[in-house]
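Novice: can't give you the sequence, but here's the structure:
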C-alpha cells in the first residue's frame, strides 16, 4: 500500500497499514480463542458480484489462523483450483457447513442461515 501512494504523507498511509494489521490480528485472535479445529472461509470475494481474490484481506487472517495449527477450508464456487494459499477449496456448501467449527463471512448470506451460530462476521445489517 505504501508504494502505491508515494505522494501522500507517509504517516497517513502508514496509519492505514497499521490499522489493517491490528484488525487482522484482532479477528484472528478472536477466532482462535473459540478453539476451533477447522475454520471455514465463506467466499473470497469482498463484494457481491466481484471475482477478484488476489488481494483479499482474508489472506492475512488465514495466515494467522493457520500459524496456530488450525485447519482452514475455503468455500468459493467460482475459484478454479483445489487450494488457495495452502488451504483446501471446496465448492460443496453442505460439506463446508457441516465440517467447519467457525465460518468467517464478510457478509451474512442466506446460504448460512442454518449455521448462523457458527458464523463470524462484521455484517450487522445483512447486506452490502
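Specialist: All right, it came through fine. Keep in mind that this is a model prediction, so the values were computed, not measured. Numbers count the residues shown, from 1 in each chain.

Novice: what about the closest residue to residue 20 other than its chain neighbours, distance to residue 84?
Specialist: Of all residues not flanking residue 20 in the chain, residue 57 sits nearest, at 7.0 Å (C-beta to C-beta, 6 or more residues apart in numbering). For the C-beta atoms, the positions are set from N, CA and C on the backbone; glycine is no exception. Distance of residue 57 to residue 84, computed by C-beta to C-beta, to the nearest Å: 14 Å.

Novice: between these two, which one's more packed in?
Specialist: Comparing residue 57 with residue 84 by other C-beta atoms under 10 Å, the one with more neighbours is residue 84, at 20 against 13.

Novice: confidence score at the more buried one?
Specialist: We have a pLDDT of 90 for residue 84.

Novice: not counting its neighbours along the chain, what's nearest it?
Specialist: residue 74 (5.2 Å).

Novice: now do residue 115
Specialist: Here the residue nearest residue 115, using C-beta to C-beta, 6+ apart, is residue 97, at 4.8 Å.

Novice: give the next helix or strand downstream of the one helix or strand the one you found maps to.
Specialist: Assigned by DSSP states H and E, residue 97 belongs to helix 93-99. Counting by DSSP H and E, the next helix or strand C-terminal to helix 93-99 is strand 102-105.
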